[in-house]
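Participant: turn this into a structure:
(3 chains)
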Amino acid sequence: MHILVLLKMVPDVVEELEIAADGRALDLEYLRMILSESDDHALEQALLLKEKYGGKVTVLALDAPEVDDALFTAAAKGADRVMKIAGQDAGFTTRQAARILSLVIADEPGVMPVDLILTGVQAIDDLDGLVAPLVADDLNMPYLGIITGVALDVSAGTARAVKEYPAGVRGEFQIRLPAVLGIQAAEKPPRYVPVAKIRMAMKSIKIEGVEVPTLADGGWPLVNVLEMKRNEPAGHAEMLEGSAGEVSSRLCGILAERGLF
Amino acid sequence: MSTCPMTLETLQQFPEGKEILTCLQCGACASTCPYGEVMEYPPRRIIAMMRAGMLEKVFTSDSLLACVACYACMAKCPRGIRLTEVLLPLMKEQTLTHLPELPGELQRALQNTLRYGNPMGEPSRKRAAWVKTAGVPIRIFAEDRRPADALWFVECYTSYYPRGQDNSRATAKLFYRLGIDFAILGNEEKCAGECGRLTWEPGLFETLMDYNMAVFQKYQFQRVVTSCPHAHNAFKNRYPALGFNWALEHVTPFLARYVDQLKRLLSRKLPYTVTYHDSCCLGRQNEFYEAPRELLRAIPGMKLIEMVHNRVNAICCGGGGGGMWLDTYFKAKGYERLSERRVKEAVATGADVLAVSCPYEVSRFEDALKVLGYDKRMMVRDVTELLAEAMEE
Amino acid sequence: MTGNVSVLAEHWRGRISEATFETLALGREVADQLGVPLTAILTGWNSRHLAQALGVADAVIYIDHPLLAEVIPQVSAEALVQVLEKARPRVLMVPLTNISLAISTFVGTRLGVPVVNFCKDVRVVNGRLDACCVLYGGKIEATVETGEPSGPQPAILGIWPGARPAEKGRVERTVPVTDRAVVLEDTRGIQLTKYIEPEAGDVDLTKEDVLVAVGRGIQDKANLGLAEELAKTLGGVVCGSRPVIDQGWLPLSRQVGKSGLTVKPKLYVALGISGAPEHVEGMKDSGLIVAVNSDPRAPIFHVAHYGIVGDVLETLPVLTEAVGARKAATHHA
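Facilitator: As a prediction, this is how the structure comes out:
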């Protein structure tokens, strides 16, 4: 059983995001990157599957600030192999990143065969597409997303995945492997790993470097960002004055405007 | 580990380690422990298991989560065994690696501390935001590199938490009026490493120590004054191994040295009856019992009344040892919240004010008063807040 | 079909979804601005009758196939590609929901056209489309240029829930329905084996769109019923700050805050909650925060979008009634 986990770093929204001088992108000076939350869950789910069914977990990520931390942490948590694709000049859109990942998965010696590819269902910066579906189509694998539970039938070559539907309903699906799953949440919250273990991993584990493949020219419908701006919080509530009846009426108007009815 | 050379394996090579095995099994530790009744393995039993070669059982139980690092056991041990300082941290470290799942809130606090330098997960770039509201000039080393007499290590709750910021503003006002030459690290400051919590996580503690020592070495100052007793402990007990050799004081005993000067400034009468809660780190651990009381008595109109358990016998607020982030965990297990137990005692004195010197206590006691319905009868104030209030503008 | 605005209509358990109506409302506006027709695309198996709810569109295309009975993104995408390939709309809008997530990505990649996600607004500017997208968990708004008249078509837009009021997309009108056949071979080795219904009493606060939160200002457990009425009328559930759970008025699963859950519902109504940092930490990113508190200086008013100073117990029933009346009026429209 070989499970591949795809990780992506996204802007850490805890540290306030600033807009660059040209008003079209984030200011990189104060930007910190953090592992995309649902990718963290994908890693956890992979480790849970490894604990249950055996096999190996390989983690693959594109180079980004602080990605080494994420990869060493993954190794400290139990990933068998951590790989980083590096050598690019600028950032990639989600669609480009997914294509790069697919090329590496298919062509880099020793990655294939994989039985299952897990990655987060969606990241906060997936403006031009989602990684899991893109990789699934590139590798001609079935895809299912918004997954909160995975079980394997290794001998039958299938997985059972639980998908979230509206109103708390879930659906159980059987999927033929190899497959790509977009993880919403792992069956358990991502485990804690002591800092001492991460530091040990930094000394003993090597992140394998992969040269970034060149993307075919043209045919890349890129998104053109005209402007970026921050959503500023107001700092204080707008107070609704009047009798209970009056404020209720006003509030109903506000809720209706917001489509909350 | 460079700062705590003792490990379970090497324990017996150190006098403190050998000392552990002189335990009489008298049980004074368990009976004085605020959670002694609910702990499966209080210190006495831990040592018994150690002698029996069955420590594994201790690590795989969650007993140590109930230890709030209050030093009560250590204070009462007739053999003077360094329970809270030596035995319990080693046990906690092992428990962390053996626990199948760490309680979520504590895990988040640890992860936030590593990433953002504070357990709340607040942005590091907002740590010094409160300075703008201080009302007095506060120098930040990164902006003005001149030497200062005192580096005021503000700490996390006192930087980010609104009630903690009240404390910081009061402290700044006092420093200013006393003419203290001080500066702060501002956004460069990260958690000093709250000992009790970070005994779970020595790797994290080391990371913070490395960072803070590197920042200290950038600037010139004679002493470190801190608002947080936990930070005080970290600097006093752990940091020297990395070269920390500055004079060190917590704000309360620091201010007590200026009590005569303060008396001249404290012209506003505060007609409150106040009862003082001895924080574990400042009190039992460092025996700073009289300094805060001296300061309170210096305030005109203030009347001091003691709780039944005071000074060395004070009951912990429950915030140490990670307890700050385990309230829901304890509640789910049916334990009484220590802050509630303590607040009942405070209210029984009939005092108007519960005075404290540790930032954890303000939030814990205000919460307990609210939950028990006593929030109209009693308010919680840090000693510095009371001093500042008693100063004329 | 060519050059028009198309909206993927999704349905769940026999009903067109709210997100579809929201997307149709937006689609209607864009179609009108472009001066082109609005087409709704409906897929399913024996679901043709659902087309009647799509009256806001000028036409409905219905794709019927047994393999479309359950939405499997790659299969739905294949069906859409077959229909859209030869007669490409100008714009295809797809709701971003649990049901249709990933369809926009698949269609975009197979047709080789741009996809823009997280759109909460779309405007026609100088003949092209400007999509206003919500990024980074709502912290940033990005205006993205797409849908150039001469550019690749369709421009695919993933529409964020709440982009428009659903009621604007609900119109009673008979629309012409055209059937389109597709050839689908298999479901890519994906098969739904069963549904798992939520257990009674099981509430996951993090999945709710509307939360009515109570604090100590509710004063007594007996008053919880008032909050529950409001929650029910708004289509949400009741939750509480820690002191309320401590008193045993609500179970632990309903606790919001530092020691409980972090929630981001579309609407958070805070009743009698002072706004201590420990609570605010768990709800500050909610879409719309309305606070009712008798203390004008309660810290909750710093994080709420709208505030009402008043007696919670007096305000609650009046508010519940007003909401009920407004809702009834809306759904009869």
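
Participant: and the residue of the stretch 51-200 of chain A found nearest chain C, bridged to which residues?
Facilitator: Nearest to chain C in the stretch 51-200 of chain A, going by CB to the nearest CB, is A:Arg176, at a distance of 3.0 Å. All C-beta spots, glycine's among them, are computed from the backbone N, C-alpha and C. Taking DSSP bridges as the rule, A:Arg176 bridges to A:Thr158.

Participant: same deal with C:Val122?
Facilitator: C:Ala131.

Participant: picking up where we left off before, what number of residues lie near the residue of the stretch 51-200 of chain A closest to chain C?
Facilitator: Close neighbours of A:Arg176, defined as other CB atoms under 10 Å in any protein chain shown, add up to 17.

Participant: any idea of the pLDDT on residue 204?
Facilitator: Chain wasn't specified; assuming chain A. pLDDT recorded at A:Ser204 is 95.

Participant: ah, I was thinking of chain B
Facilitator: The model reports B:Leu204 with a pLDDT of 93.

Participant: with adjacent residues omitted, what lies nearest to it?
Facilitator: A:Val195 (4.4 Å; CB to CB, 6 or more residues apart in numbering or on different chains).

Participant: got the residue ranges for the helices in chain C?
Facilitator: C:18-34, C:73-84, C:103-111, C:224-234, C:242-246, C:277-280, C:300-303, C:312-332 (DSSP state H).

Participant: can you name the residues that contact residue 191?
Facilitator: Using chain A here. Residues near A:Arg191 by CB atoms under 8 Å, 6 or more residues apart in numbering or on different chains: A:Glu44, A:Leu47, A:Lys77, B:Glu101.

Participant: switch to chain C, please.
Facilitator: Per CB under 8 Å, 6+ apart, neighbours of C:Gln191: A:Phe173, A:Gln174, A:Ile175.

Participant: most neighbours, which of these?
Facilitator: A:Ile175 (25 neighbours).

Participant: got the residues of the stretch 51-200 of chain B near chain A?
Facilitator: B:96-97, B:101-102, B:104, B:107, B:110-111, B:114-116, B:121-126 (CB under 8 Å from any CB of the partner chain).

Participant: which of those count as buried?
Facilitator: The neighbour-count test (16 or more other CB atoms under 10 Å in any protein chain shown) applied to those identifies B:96, B:102, B:104, B:107, B:110-111, B:114-116, B:121-126 as buried.

Participant: ok, so of those, who is nearest B:Thr328?
Facilitator: Closest to B:Thr328 out of these is B:Gly104 (8.8 Å), distances taken as CB to CB.

Participant: quick one: residues contacting the closest one.
Facilitator: Contacts of B:Gly104 by CB under 8 Å, 6+ apart are A:Pro189.

Participant: one step back: how about the contacts of A:Arg191 in TSV, adding distance to chain C and pLDDT?
Facilitator: Listed next are those as TSV, based on distance: CB to the nearest CB, whole Å; pLDDT from 0 to 100:
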residue	distance to chain C	pLDDT
A:Glu44	17	98
A:Leu47	23	98
A:Lys77	23	97
B:Glu101	16	84
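
Participant: touching chain C at all, stretch B:146-166?
Facilitator: Yes: legend: contact between stretch B:146-166 and chain C by CB under 8 Å from any CB is shown at B:Tyr161, B:Pro162.

Participant: now do the same end-to-end measure for that stretch.
Facilitator: By CA to CA, to the nearest Å, the extent of stretch B:146-166 from end to end equals 27 Å.

Participant: list the buried residues for that stretch?
Facilitator: So stretch B:146-166, judged by 16+ other CB under 10 Å, has buried residues B:148, B:150-161, B:163-166.

Participant: out of everything not next to it in sequence, what's closest to A:Gly149?
Facilitator: Closest to A:Gly149 by CB to CB, 6+ apart is A:Val162, at 3.6 Å.

Participant: hmm, I typed the wrong one, I wanted C:Pro251.
Facilitator: That would be C:Ile245: by CB to CB, 6+ apart, it lies 7.2 Å from C:Pro251.

Participant: please report how far the residue of the stretch 1-150 of chain C found nearest chain A lies from chain B.
Facilitator: Chain A sits closest to C:Pro114 of the stretch 1-150 of chain C, with a gap of 3.8 Å, by CB to the nearest CB. The gap separating C:Pro114 from chain B is 34 Å, by CB to the nearest CB, to the nearest Å.

Participant: residues in contact with that residue?
Facilitator: By CB under 8 Å, 6+ apart, the neighbours of C:Pro114 are A:Asp128, A:Pro221, A:Leu222, A:Val223, C:Gly108, C:Thr146, C:Gly151, C:Pro152, C:Ala155, C:Ile156.

Participant: which of those fall within strands?
Facilitator: C:Thr146, C:Ala155, C:Ile156 (DSSP state E).

Participant: ok, and of these, which contact chain A?
Facilitator: Within the ones in strands among the contacts of C:Pro114, those near chain A by CB under 8 Å from any CB are C:Thr146.

Participant: minimum pLDDT in the ones in strands among the contacts of C:Pro114, which residue is that?
Facilitator: C:Thr146 (87).

Participant: quick one, what contacts residue 153?
Facilitator: The chain I'm using is chain A. Neighbours of A:Asp153 in contact, by CB under 8 Å, 6+ apart: A:Ala159, A:Arg160.

Participant: wait, I meant chain C there
Facilitator: C:Gly3, C:Arg88, C:Pro89, C:Arg90, C:Val113, C:Gly147.

Participant: A:Glu37 versus C:Val144, what's the distance?
Facilitator: The spacing between C:Val144 and A:Glu37, counted by CB to CB, to the nearest Å, is 23 Å.

Participant: who's in contact with the lengthiest helix in chain A?
Facilitator: Taking DSSP H as the criterion, chain A has its longest helix at helix A:37-53. Residues from elsewhere that reach helix A:37-53, judged by CB under 8 Å, 6+ apart: A:1, A:3, A:5-8, A:55-57, A:59, A:74, A:77-79, A:116, A:118-123, A:147, A:150, A:152, A:154, A:181-191.

Participant: go again with 6 Å.
Facilitator: A:1, A:3, A:5, A:7-8, A:57, A:74, A:77-78, A:118-121, A:150, A:152, A:154, A:183, A:185-187, A:190 (CB atoms under 6 Å, 6 or more residues apart in numbering or on different chains).

Participant: can you count the residues close to the closest residue to chain A within chain B?
Facilitator: Nearest residue of chain B to chain A (CB to the nearest CB) works out as B:Gly203 at 3.1 Å. Residues near B:Gly203, counting by other CB under 10 Å, number 20.

Participant: ok, A:Pro233 next?
Facilitator: The burial count for A:Pro233: 12, using other CB under 10 Å.

Participant: show the contacting residues for it.
Facilitator: Applying CB under 6 Å, 6+ apart to A:Pro233 gives no contacts.

Participant: now with 8 Å, please.
Facilitator: C:Val303.

Participant: which bits of chain B sit near chain C?
Facilitator: B:105, B:120, B:161-162, B:325, B:327-328, B:331-332, B:363, B:367, B:370-371.
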